[in-house]
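J.: I would like to see how this sequence folds:
(2 chains)
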2 protein chains.
Amino acid sequence: MSNFADRLMEAIRAKGNPCIVGLDPRVVDMPDFVTSAMRLSRDAEDAARAITGFHERVLEAVADLVPAVKLQIAFYEQYGLPGMRAFADTIALARSAGLVVIVDAKRNDIDSTAEAYANAFLGAADILGRRVPAWDVDCITVSPFLGRDSLEPFVAACAQYGKGIFVLVRTSNPGAGDLQSRVVEGGEEISSHLARLVDDLGQDMVGDSGYSSIGAVVGATYPHQAVQLRALMPRAIILVPGYGAQGGTATGAAANFNADGLGAVVNASRSITYAFGDPAISAEEFVAAVRDNTLRMVYDLTEALAHRVAS
Amino acid sequence: MSNFADRLMEAIRAKGNPCIVGLDPRVVDMPDFVTSAMRLSRDAEDAARAITGFHERVLEAVADLVPAVKLQIAFYEQYGLPGMRAFADTIALARSAGLVVIVDAKRNDIDSTAEAYANAFLGAADILGRRVPAWDVDCITVSPFLGRDSLEPFVAACAQYGKGIFVLVRTSNPGAGDLQSRVVEGGEEISSHLARLVDDLGQDMVGDSGYSSIGAVVGATYPHQAVQLRALMPRAIILVPGYGAQGGTATGAAANFNADGLGAVVNASRSITYAFGDPAISAEEFVAAVRDNTLRMVYDLTEALAHRVAS
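T.: Numbering: from 1, shown residues only, chains lettered A, B, ... in the order given. Below you'll find the model as predicted:
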């Protein structure tokens, strides 16, 4: 079984860019060609079919362009059990398109419960001696709020199953500072403390690429902090959310990369999959719009990285 | 629609105790009478049937004794889609037994994603203008790591739908202090800062009972801190995990209550549902054992509270 960081870095090399497309289903924002079939009953089963149909088209548009997709699980959970079926179906579609699958779940809990989450997304549950995988994706985001011991079961699962995690270090929202920027004893911010923790947890998980399967989440909206945090965890792959709709720019996102232009992946969701203008658009026009949006992001980020490496 | 805090306080009054039974499915630890039917295929569908069968018996044992149950969602997620069906079935069983249903999910994310989680568990998703509830429970636990703005969509959903949240303030694991006990500018611990935030967020959600629908999680393993945190959020209902198997005692849990002996609920999981001895036990013996375990917890906690009020 291969190292997750190596698989992700190889996918980035193969596609020539570190852009990730977010698959965050919001049925109300989908184009008519997806939702027209459900205008009568409008129940969660309908929503699930719409989600799968929508993602088939999105993947048709982006699968040859980007190395990975990121599923924000909250948007599936809000549609209940049918939503979770659409989650499983979307994972299967992305896998068969050869993409690395990231789940943005921000999970965590203590000891055996953290282990259960690790089983759910990275490993396999024990059903009377038989190990049965549940969602089985490449990696998930996890929250560090409960401390180092709560992260260790995830690190163990990554080692055992060749998977990865991205630990929240600095989120992209305006209120992120409430906790994450608080200065603790020794004059260090919580985010810096967490960056060092990520570096430490990831020591034994560094692959041939020089990067570790224990990564970090650092929002694109705080470029100044990103440079400092990057330096504290040089081997961590940084997952950068907040690009596009949340106000993060390519230059802001570029601050998370190492000097060699590697070491981060940048996610955009709404600005790729929901920026198509007229809801009456045809399926073909939708695919073209999503493809255009993706190519524009790839171009912008490549420019910003080239500029940064040159400067 | 009634206030969540009032509903929970009324359930506590009606049952005469604040004990909560955790429904955390671990198929490998279930008695033979539940698992014997699945020894051949041992797949997730089998696991789901075992979970529902197990919880039918647990609820038969405890429904008339306690005000509420707490489902730890990680243990369902690890069994994939069938596990989530068992989650929905367990919620339905607990509801029809008249119990308040708490989901320990420790969810959170930013802006519209936090809203999606709030839709999933407390409100309803918008499916082309039709509001469709997903899991629809009474309350969930949420993580404060992303800051105040990440909690606000949950508070709004609580107000709109008459639901509640318990914000993590101090968890019961040994590593809780890594972040939560860090002293920030002004000499205050992160946990104390969070307790004041909970108090503030809950201001407008106080019911006739004098308690707020915005509660807090404070582990039973830190009684000294519990007294301080209790004082900072007098109107918050405190959910106390870590009783029993995690080493929290009745006296430790009692530290989370107000002087009137109210204001907290105490959860036990493994020490109630998995402390039955011989796996070859009959269904009737299992029900009796779970009932005994629950009555012992009720007795111990009632004693500790009486002693505390008297002292």
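J.: how about A:Leu232: what's its closest non-neighbour residue?
T.: For A:Leu232, ignoring the flanking residues on the chain, the nearest one in space by Cβ to Cβ, 6 or more residues apart in numbering or on different chains is A:Ala195 at 3.9 Å. For glycine as for every other residue, the C-beta is placed from the backbone atoms N, C-alpha and C.
J.: which strands or helices does the helix ranked longest in chain A pack on?
T.: In chain A, taking DSSP state H as the definition, the longest helix is helix A:283-310. Applying 3 or more Cβ pairs under 8 Å, 6 or more residues apart in numbering or on different chains; DSSP states H and E, we find helix A:283-310 packed against strand A:19-23, helix A:44-62, helix A:250-254, strand A:264-268, helix A:270-273.
J.: so which bits of that helix are buried?
T.: Buried residues in helix A:283-310, counted by 16 or more other Cβ atoms under 10 Å in any protein chain shown: A:286-287, A:289-291, A:293-294, A:297-298, A:300-302, A:304-305.
J.: from these, pick the one nearest chain B.
T.: Taking Cβ to the nearest Cβ as the measure, A:Phe286 is the one of the buried residues of helix A:283-310 closest to chain B, at 17.6 Å.
J.: low-confidence stretches in the stretch 51-200 of chain A?
T.: Along the stretch 51-200 of chain A, segments meeting pLDDT under 70 are nowhere present.
J.: quick one: the strands in it?
T.: A:68-72, A:100-107, A:125-127, A:130-132, A:139-142, A:164-170, A:183-184, A:188-189 (DSSP state E, counting those that start in this stretch).
J.: gap between A:Leu6 and chain B?
T.: Check again: residue A:6 is Asp, not Leu. Between A:Asp6 and chain B the computed distance is 27 Å (Cβ to the nearest Cβ, to the nearest Å).
J.: what bridges to the spatially most central residue of chain A?
T.: Compute the mean C-alpha point of chain A, and by Cα atoms, centre = their mean the closest residue is A:Lys70, 4.0 Å away. Under the criterion DSSP bridges, A:Lys70 forms beta bridges with A:Gly22, A:Ile102.
J.: that one and A:Ala105 touch, don't they?
T.: No. With contact defined as Cβ atoms under 8 Å, A:Lys70 does not count as touching A:Ala105 (10.4 Å).
J.: what sits in contact with each of these two?
T.: Contact with both A:Lys70 and A:Ala105 is made by no residue, according to Cβ atoms under 8 Å, 6 or more residues apart in numbering or on different chains.
J.: spit out the contact partners of A:Arg131.
T.: A:123-125.
J.: for these, give me a markdown table that also has distance to B:Met84.
T.: Output for the contacts of A:Arg131, formatted as a markdown table (distance: Cβ to Cβ, whole Å):
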| residue | distance to B:Met84 |
| --- | --- |
| A:Gly123 | 18 |
| A:Ala124 | 16 |
| A:Ala125 | 13 |
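J.: just the buried ones from these, in PyMOL syntax?
T.: In PyMOL, a selection of the buried entries from the contacts of A:Arg131 looks like this (16+ other Cβ under 10 Å):
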select buried, chain A and resi 123+124+125
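J.: if we check chain B, which of the contacts of A:Arg131 are in contact?
T.: Taking Cβ under 8 Å from any Cβ of the partner chain as the test, chain B is in contact with A:Ala125 out of the contacts of A:Arg131.
J.: just the closest of the contacts of A:Arg131 to chain B, please.
T.: Taking the contacts of A:Arg131 together and measuring to chain B by Cβ to the nearest Cβ, the closest member is A:Ala125, at 4.2 Å.
J.: how many other residues sit next to the residue nearest to the closest one when sequence neighbours are not counted?
T.: Of all residues not flanking A:Ala125 in the chain, B:Gln78 sits nearest, at 4.2 Å (Cβ to Cβ, 6+ apart). By other Cβ atoms under 10 Å in any protein chain shown, 30 other residues sit near B:Gln78.
J.: from A:Glu188, how far out is B:Gln78?
T.: Distance of B:Gln78 to A:Glu188, given as Cβ to Cβ, to the nearest Å: 35 Å.
J.: next one: A:Ala48
T.: Using Cβ to Cβ, A:Ala48 is found at 45 Å from A:Glu188.
J.: and these two? which has more neighbours close in?
T.: Comparing A:Ala48 with A:Glu188 by other Cβ under 10 Å, the one with more neighbours is A:Ala48, at 24 against 15.
J.: what about the more buried one, distance to B:Lys70?
T.: 28 Å.
J.: ok, now which ones touch A:Leu128?
T.: Contacts for A:Leu128 were tallied using Cβ under 8 Å, 6+ apart; they are B:27-28, B:35, B:38-39, B:42.
J.: stretch A:138-155: end-to-end distance?
T.: Here the two ends of stretch A:138-155 are set 13 Å apart, with distance taken as Cα to Cα, to the nearest Å.
J.: buried set for it?
T.: So stretch A:138-155, judged by 16+ other Cβ under 10 Å, has buried residues A:138-148, A:150-155.
J.: beta-bridge partners for A:Ser212, please?
T.: Going by DSSP bridges, A:Ser212 forms beta bridges with A:Val206, A:Ala236.
J.: what do you get for the one 4 residues further on?
T.: A:Ala216 has the following beta-bridge partners by DSSP bridges: A:Val167, A:Ile238.
J.: OK, contacts around it?
T.: A:166-169, A:194-195, A:198, A:229, A:233, A:236-239.
J.: how close does it sit to A:Phe166?
T.: Going from A:Ala216 to A:Phe166 by Cβ to Cβ gives 6 Å.
J.: what touches both of those two?
T.: In contact with both A:Ala216 and A:Phe166: A:237-239, using Cβ under 8 Å, 6+ apart.
J.: can you tell me which of these lies closest to chain B?
T.: A:Leu239 (13.7 Å).
J.: wait, the closest one touches A:Phe166, no?
T.: Yes. Counting by Cβ under 8 Å, A:Leu239 does reach A:Phe166; the two are 4.3 Å apart.
J.: those two: who's more crowded?
T.: Per other Cβ under 10 Å, whichever of A:Leu239 and A:Phe166 has more neighbours is A:Leu239, with 30 against 27.
J.: picking that back up, tell me the mean pLDDT over the longest helix of chain A?
T.: In this model, helix A:283-310 carries a mean pLDDT of 93.
J.: what's the angle from that helix to strand A:264-268?
T.: Between helix A:283-310 and strand A:264-268, the angle comes out at 140 degrees (axes from the mean of the first three to the mean of the last three Cα atoms, to 10 degrees).
J.: so the nearest residue to A:Ala306 once chain neighbours are set aside versus A:Gly210, what's the distance?
T.: When the adjacent residues along the chain are set aside, A:Ala306 lies closest to A:Gly261, with 7.7 Å between them (Cβ to Cβ, 6+ apart). Separation of A:Gly261 from A:Gly210 (Cβ to Cβ) stands at 13 Å.
J.: state the pLDDT value of the residue nearest to A:Ala306.
T.: 91.
J.: ok, it - how many residues close by?
T.: 14.
J.: my read is that it contacts A:Glu303, right?
T.: No. If you go by Cβ under 8 Å, A:Gly261 and A:Glu303 don't touch, sitting 11.6 Å apart.
J.: ok, A:Gly162 - contacts?
T.: So A:Gly162 contacts A:1-4, A:7, A:213 (Cβ under 8 Å, 6+ apart).
J.: burial check on A:His224, number of neighbours?
T.: A:His224: 9 surrounding residues under other Cβ under 10 Å.
J.: nope, A:Asp278 is what I was after
T.: 10.
J.: and if you look at A:Ala268?
T.: Applying other Cβ under 10 Å, we find 30 residues neighbouring A:Ala268.
J.: kindly report the same for A:Asp260.
T.: 9.
J.: name the SS class of it, please.
T.: Here A:Asp260 is recorded as coil under DSSP: H, G, I helix; E, B strand; the rest coil.
J.: got phi/psi on it?
T.: The phi/psi pair for A:Asp260 (degrees, to the nearest 10) reads phi -80, psi 10.
J.: now what about stretch A:295-311, what contacts it?
T.: By Cβ under 8 Å, 6+ apart, stretch A:295-311 touches A:17-19, A:65-66, A:243-244, A:249-251, A:253-255, A:257, A:259-261, A:266, A:268, A:271-272.
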